[in-house]
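Asks: Prediction below, plus the sequence it came from.
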Amino acid sequence: MKVTHTIMVALNLLLLSPLCLADGSAKFHGKLTEVPCKVNGDQKIEFDFGRVGINKIDGASQWVTQKIGITCDQDIPTANLTLQVTGTPVSPGKSNILNTPVANLGIAIVNGDDDSKIELNKPIIITKNQLFPIKAILTKDDNNKPVAAGILNTSTTVIASYE
């Protein structure tokens, strides 16, 4: 019973004690715009590996680099320009390796300047008004398993936007 009484007294003190009350207002304003950007001049980006021996796929030696141009209808000086490569990773923990329809074969996506990983589905900040090199590297998901001979055709989407 004492616990209930103490709580009631404390509650009464809170309700009756003068609290510092204030009100004010906030004003929000801005201009919402859509700034269309074009990736590679709206042309397809082709990574042609040519003929590759299945035993040469080692995650390092079979690669193609393309320099991607990004143009936007308007510059927003206070915003970052981002690039995002979308797709399904070949397996968990390999977030920069694009899955392909060929069993055990993936395409690692990296920055062509420094070979840093470009995680799929995650925007990265890029320098405005410069070509951005994307390097695609044929790689195995599991180095202990073979890759079957056949035709490799797969695609992904590259998105450029301001954030």
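Replies: Nice, I can see it.
Asks: can we go C-alpha only for contacts and neighbour counts from here?
Replies: OK.
Asks: quick one, what contacts the residue lying closest to Ile97 once chain neighbours are set aside?
Replies: Distances taken as C-alpha to C-alpha, 6 or more residues apart in numbering put Ala108 closest to Ile97, at 4.1 Å, once the chain neighbours are dropped. By C-alpha atoms under 8 Å, 6 or more residues apart in numbering, Ala108 lies in contact with Gly59, Asn96, Ile97, Leu98, Lys117, Lys135, Ala136, Ile137, Leu138, Thr139.
Asks: Next, the residue lying closest to Pro133 once chain neighbours are set aside: secondary structure please.
Replies: Closest residue in space to Pro133, ignoring its immediate chain neighbours: Lys67 at 4.1 Å, by C-alpha to C-alpha, 6+ apart. Recorded secondary structure, Lys67: strand (DSSP: H, G, I helix; E, B strand; the rest coil).
Asks: Tell me if I'm right that Lys67 and Phe132 touch.
Replies: Yes. Contact criterion C-alpha atoms under 8 Å: Lys67 and Phe132 qualify, at 5.2 Å.
Asks: And the residue nearest to Pro133, what's its pLDDT?
Replies: What the model reports for Lys67 is a pLDDT of 96.
Asks: next one: Asn12
Replies: pLDDT at Asn12 comes out at 44.
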